[in-house]
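when you get a sec, could you give me coordinates for this:
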Amino acid sequence: MHLIIVDRSQRITASEWMKERKMTEIKWHKGTESHMQIKENKGVVWLSYPAFEKFPDIVQAFSTRLGGVSQGIYSSMNLSFTRGDDEASVHENYRRFAAAVGFEAEDIVTSDQTHTANVRVITEADRGNGITKPRQYTDVDGMITNVPGLVLATFYADCVPLYFVDPVHHAIGLSHSGWRGTVAKIGAVTVERMREEYGSDPGDIYSAIGPSICQDCYEVSEDVTQEFRTAFGRKDWDALFYRKENGKYQLNLWEANRIIMQEAGIREEHISMPGICTCCNPEFLFSHRASHGKRGNLGAFLGIRK
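A predicted model of the protein is given here:
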């Protein structure tokens, strides 16, 4: 059963919630659907990881399309300033989302995603970057911090969000992993940077692979598959991709990032899977493939409470 928390008190099932709003039923992936919950507060709907809720000093969320003010292809919780949406609407979306989840929009620090494996250490000086002031950096797909009150934010419409929480050293990481970032193993890079900066032990880290495109929806060409053959051992190939009669391949970014996390030293029982595909749920989540590029952006958020 998937529980939805409405105004932090009332609990209803996902099926009841979708029926009330006359929406298509959410398609969950069997086996990992319990790894995520839908939450609603003040009309804003987001996804949350139960595994992280044991840490009261952590704020974590993944946005959906619901609860914002944007119109048309951006309807309604678009969090991108660069896709042609009205800037005032995007600012209002951030304000609403932050208020619903329980932080201030001014505390957000945003990435500058260009499909690299660059991970930046975020400090107090970065507070508000990309929201209240221009970013002073480029080419940043991952961020780590141990500063209370900061909320890291990365953006998606099929690529893979990666969350990292070290409850021992009170440090966090959040990284964007498309297929290029996955080949470059940005997940492992993030864990290593947390070890270098904060003394994190990978065995203590809890991680999550966020809502993104599933293998059934992710068709790629031979050249992309070859990159994965180079980056991963032969023993993993069958789990990562298979060839179809048309010469294309279906690629499993979820499994690839799970392997990367385990190889980086994160315990299997500390890894939460998404359970939900962006492309399978285009009314609920933005998907580049499902919309043929006519869409807004979702956001992954991870912070340390003050």
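
mind listing the helices for this structure?
Along the chain, counting by DSSP state H, helices occupy 14-20, 87-101, 179-183, 186-198, 222-231, 234-240, 253-263, 288-291.

just the CA atoms of stretch 269-276, as CSV, please.
What follows is stretch 269-276, C-alpha atoms only, in CSV (Å, rounded to 0.1, in the frame of the first residue of the first chain):
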residue,chain,number,x,y,z
GLU,A,269,20.3,-2.5,2.7
HIS,A,270,21.1,1.2,2.7
ILE,A,271,20.1,1.7,-0.9
SER,A,272,16.5,2.8,-1.8
MET,A,273,15.3,2.3,-5.3
PRO,A,274,12.9,4.7,-7.1
GLY,A,275,10.0,2.4,-7.8
ILE,A,276,8.6,4.9,-10.3
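
what stretches of the protein score poorly on pLDDT?
Low-confidence segments of the chain (pLDDT under 70): 1-24.

still on that earlier bit, now mean neighbour count and distance to Pro274 too, for the helices of the chain, in JSON lines please.
Yep, even glycine has a C-beta here, placed from its N, CA and C like the rest. Shown next, in JSON lines, are these (neighbours: other C-beta atoms under 10 Å; distance: least, C-beta to C-beta, whole Å):
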{"stretch": "helix 14-20", "mean neighbour count": "14", "distance to Pro274": "15"}
{"stretch": "helix 87-101", "mean neighbour count": "18", "distance to Pro274": "18"}
{"stretch": "helix 179-183", "mean neighbour count": "22", "distance to Pro274": "14"}
{"stretch": "helix 186-198", "mean neighbour count": "22", "distance to Pro274": "14"}
{"stretch": "helix 222-231", "mean neighbour count": "14", "distance to Pro274": "19"}
{"stretch": "helix 234-240", "mean neighbour count": "13", "distance to Pro274": "16"}
{"stretch": "helix 253-263", "mean neighbour count": "22", "distance to Pro274": "7"}
{"stretch": "helix 288-291", "mean neighbour count": "18", "distance to Pro274": "16"}
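
so which of these is nearest His29?
Among the helices of the chain, helix 253-263 comes nearest to His29, with 8.6 Å by C-beta to C-beta.

which residue is nearest the centroid of this protein?
Centre of the chain computed as the mean C-alpha position; nearest residue by C-alpha atoms, centre = their mean is Pro161, 3.1 Å away.

nearest spatial neighbour of it, skipping sequence neighbours?
Sequence neighbours aside, Gly210 is the residue nearest to Pro161 in space, at 3.0 Å (criterion: C-beta to C-beta, 6 or more residues apart in numbering).

Cys159 is in contact with that neighbour, correct?
No. Gly210 is beyond contact range of Cys159, at 9.3 Å (criterion: C-beta atoms under 8 Å).

what sits against the residue nearest to Pro161?
Phe62, Tyr156, Val160, Pro161, Leu162, Tyr163, Pro274, Ala300 (C-beta atoms under 8 Å, 6 or more residues apart in numbering).

keep only those of those residues that are in strands.
Phe62, Tyr156, Val160, Pro161, Leu162, Tyr163, Ala300 (DSSP state E).

quick check, nearest of those to Arg234?
Val160 (22.7 Å).

the closest one pairs with what?
Here Val160 sits in beta bridges with Ser177, as judged by DSSP bridges.

I'd say it and Cys214 touch.
No. Counting by C-beta under 8 Å, Val160 stays clear of Cys214, with 10.6 Å between them.

okay, these two: which has more neighbours?
When neighbours are counted by other C-beta atoms under 10 Å, Val160 and Cys214 differ, and Val160 comes out ahead with 26 against 22.

please name the residues that touch the more buried one.
His176, Ser177, Gly178, Gly181, Thr182, Ile209, Gly210, Ser212, Leu253, Trp254, Asn257.

ok, now which ones touch the closest residue to Arg295 other than its chain neighbours?
Among residues not flanking Arg295 along the chain, Phe286 sits closest, at 4.5 Å (C-beta to C-beta, 6+ apart). Applying C-beta under 8 Å, 6+ apart, we find Phe286 in contact with Arg65, Asn78, Tyr156, Ala157, Thr278, Arg295, Gly296, Asn297, Leu298.

among those residues, which two are most distant?
Asn78 and Thr278, at 14.1 Å, using C-beta to C-beta across the contacts of Phe286.

what sits against Glu92?
Gly68, Val69.

now the nearest residue to Cys214 once chain neighbours are set aside: how far from Arg229?
If the residues on either side of it in the chain are set aside, Cys214 comes closest to Cys277, at 3.7 Å by C-beta to C-beta, 6+ apart. Plainly put, Cys277 is 24 Å away from Arg229 if you go by C-beta to C-beta, to the nearest Å.

Val59 contacts Val151, correct?
Yes. If you go by C-beta under 8 Å, Val59 and Val151 touch, sitting 6.4 Å apart.
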